[in-house]
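coordinates only, sequence not included:
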């Protein structure tokens, strides 16, 4: 009966995938996405996840975990597995599974959907699970520490540098998404901005008024959050407050830079911890509500399975479906950022080894499901509306009539009147050229929520979705800035010991300023870019994130081989080989492609030629010179990342070769045996 049950699940999943990819008629119902995803996840977790747990690491509930063995009451604390699951999901579930699928929908819904499902089963969940188990067996050591121990000092140092610089790019791009979502939106700016004093009030309440009263602080936070959401409409319509909070991109960028510095330097109990705790409720509640709305409403998918832009001429970002679809969708399929969590706090909390599959493999499957729902929300929009929101003015034109004419010429009909009515309905001044994916995803979510509840309060649901996305992103931004500060302090501590002390406040201020200035530079570069920033920075984000995943998989492969299980190394080698093929191809194209829409150097050369020919207006001379410098800098950063990863892979290959030659060579390396 059990076998028949799993056979039924497999057949249901196969039929649903057939509906999406083969049998599709004029329209496809969103329910088939849900059926296909649930079937794939269930089979993958039950069979492949169990295979990895048994064959790669032979997990044993009787073996003590670092949390049980060390149990210092601060970092190493045995914790209920459901609590750890919630913490782990909240930490890994950044904006990637929301924004990546929304942007990749320019290729159609099918390429991204297939990559989300296949990528998570064979790559993303494998990476998270293997790094978690490797850290469990090594006293909760971080990814960089494991790289140094397993690969060697040179590979470990390259991994530390790669992780730090990649984190800078990740934070910058995520901040850019927030800026593009809140630009010229006083309602959204007020609501998201109010989450900061609300979180500080919660922290002060739990610290000074009612210590440890978590329930009371939660109630206060949620009530004030709802008030901020509703009050945003009043602010938007106020004759003084509305214009005052109608901020430009550069102003918002500076505000987010100051917030990142504050989050890194203020005591963790005052801002970071209560804000992230509050956002966890919003994350989990909204994800559940969106899933329920999709099941009840069963929206028809409006976007084609494949669009004309698979040829590389996409308006949102240029490049063919290979490799750019696979770097645009990162977190929903495989994300290197997750390896920092799987080797960070999570292995210090597990009370039993056998909880690792549920948290490492299962947690990633849940995030992938969020990506599937984001794809549904984006693909359920009218294609003309989707492209009008996401296409930058530099591509389709700044005038609504010109923009809609360009988009309609692609075969996706839309009119200025439709866009004006939609903007008025959701309480925004305009929806044209709101690049970054967040606004279009919020429109799709708002329609699903409002339709589920009878079509009421579309504007309220839109701004709720914007707040939800911004909370997702800012949670990653503030935590990432703090982690980056710790990493920089650790590196600078080798130069001068006091700089490595996290308790020395001058070091805290200096390193926080350096980290924030690093990602703030790339953020400002994206904000002032005439193509919306996403065209330049999102591919750089995807390349860097997937290269970080390649580092993690190289470390995982080394752990597997050195533990005597080389015959199972294909489980990590296959996704590693795929990621190297994708990221190295994408990186090469972004640096050297002759098409200025794709290549950094080609675009810089094109602008330099216009500058030399006197074709640039005097008012834009400074802006164009800055663009040329930034494009060449982006090319250099991409080359640096590719070089670091190549070095790590070569060092890993050297270790694998020596390990596989025989016991004598392995003994010379000093194999670290498992506890």
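Thanks, I have it. Note that this is a predicted model, so its numbers are computed, not measured.

name the helices or strands packed onto the helix or strand where residue 83 lies?
In the assignment (DSSP states H and E), residue 83 maps to helix 81-92. Secondary-structure packing of helix 81-92 (3 or more Cβ pairs under 8 Å, 6 or more residues apart in numbering; DSSP states H and E): helix 272-297, helix 337-342, helix 362-379. Where C-beta positions appear, they are placed from N, C-alpha and C, glycine not excepted.

can you do 6 Å?
Counting contacts by 3 or more Cβ pairs under 6 Å, 6 or more residues apart in numbering; DSSP states H and E, helix 81-92 packs against helix 337-342, helix 362-379.

buried sites along the last one?
Neighbour-count burial for helix 362-379, counted by 16 or more other Cβ atoms under 10 Å, picks out 362-379.

residue ranges in the stretch 301-450 of the chain under the pLDDT threshold?
Scanning the stretch 301-450 of the chain for pLDDT under 70 picks out no residues.

now do the helices in it.
321-328, 337-342, 356, 362-379, 383-390, 393-396, 400-409, 416-425, 438-452 (DSSP state H, counting those that start in this stretch).

please report how far the closest residue in space to residue 113 that isn't next to it in sequence lies from residue 299.
In space, and not counting its chain neighbours, residue 113 is closest to residue 375: 5.7 Å by Cβ to Cβ, 6 or more residues apart in numbering. Noted for residue 375: a distance of 12 Å to residue 299, by Cβ to Cβ, to the nearest Å.

ok, residue 384 next?
The gap separating residue 384 from residue 299 is 17 Å, by Cβ to Cβ.

in the chain, which residue is most central in space?
The centroid of the chain falls nearest to residue 96 when counting by Cα atoms, centre = their mean (2.5 Å).

would you format the helices of the stretch 301-450 of the chain as JSON lines with distance to residue 496 included?
Formatted as JSON lines, the helices of the stretch 301-450 of the chain follow (distance: least, Cβ to Cβ, whole Å):
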{"stretch": "helix 321-328", "distance to residue 496": "38"}
{"stretch": "helix 337-342", "distance to residue 496": "26"}
{"stretch": "helix 356", "distance to residue 496": "39"}
{"stretch": "helix 362-379", "distance to residue 496": "39"}
{"stretch": "helix 383-390", "distance to residue 496": "47"}
{"stretch": "helix 393-396", "distance to residue 496": "46"}
{"stretch": "helix 400-409", "distance to residue 496": "54"}
{"stretch": "helix 416-425", "distance to residue 496": "54"}
{"stretch": "helix 438-452", "distance to residue 496": "41"}
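
which one of the ones you listed lies closest to residue 58?
Nearest of these to residue 58, taken as Cβ to Cβ: helix 356 at 11.7 Å.

for stretch 555-565, give the mean pLDDT please.
Mean per-residue pLDDT for stretch 555-565: 94.

contacts for that stretch?
With contact meaning Cβ atoms under 6 Å, 6 or more residues apart in numbering, stretch 555-565 is reached by 130-131, 134, 146-147, 150-151, 569, 572-573, 652, 655-656, 659, 671, 674.

then stretch 368-383?
30, 33, 37, 97-98, 101-102, 105, 109, 112-113, 116, 120, 287, 290, 294, 299, 301-303, 332, 412, 441, 444-445.

next: stretch 629-642.
Residues external to stretch 629-642 that are found in contact with it (Cβ under 6 Å, 6+ apart): 525, 540, 544, 547, 587, 590, 591, 600, 601, 603, 604.

PyMOL command for the buried members of those residues?
Burial among the contacts of stretch 629-642 is assessed by 16+ other Cβ under 10 Å; the matching PyMOL selection reads:
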select buried, resi 525+540+544+547+587+590+591+600+601+603+604
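
can you show me the helices along the stretch 151-300 of the chain?
Remark: helices assigned in the stretch 151-300 of the chain by DSSP H, counting those that start in this stretch are 153-182, 186-204, 214-237, 241-244, 249-265, 272-297.

Serialize the ones you listed to TSV and add fields for mean neighbour count, mean pLDDT and distance to residue 466.
Formatted as TSV, the helices of the stretch 151-300 of the chain follow (neighbours: other Cβ atoms under 10 Å; pLDDT from 0 to 100; distance: least, Cβ to Cβ, whole Å):
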stretch	mean neighbour count	mean pLDDT	distance to residue 466
helix 153-182	24	84	6
helix 186-204	22	88	5
helix 214-237	17	86	10
helix 241-244	13	90	16
helix 249-265	20	90	13
helix 272-297	18	77	11
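
lovely, talk soon.
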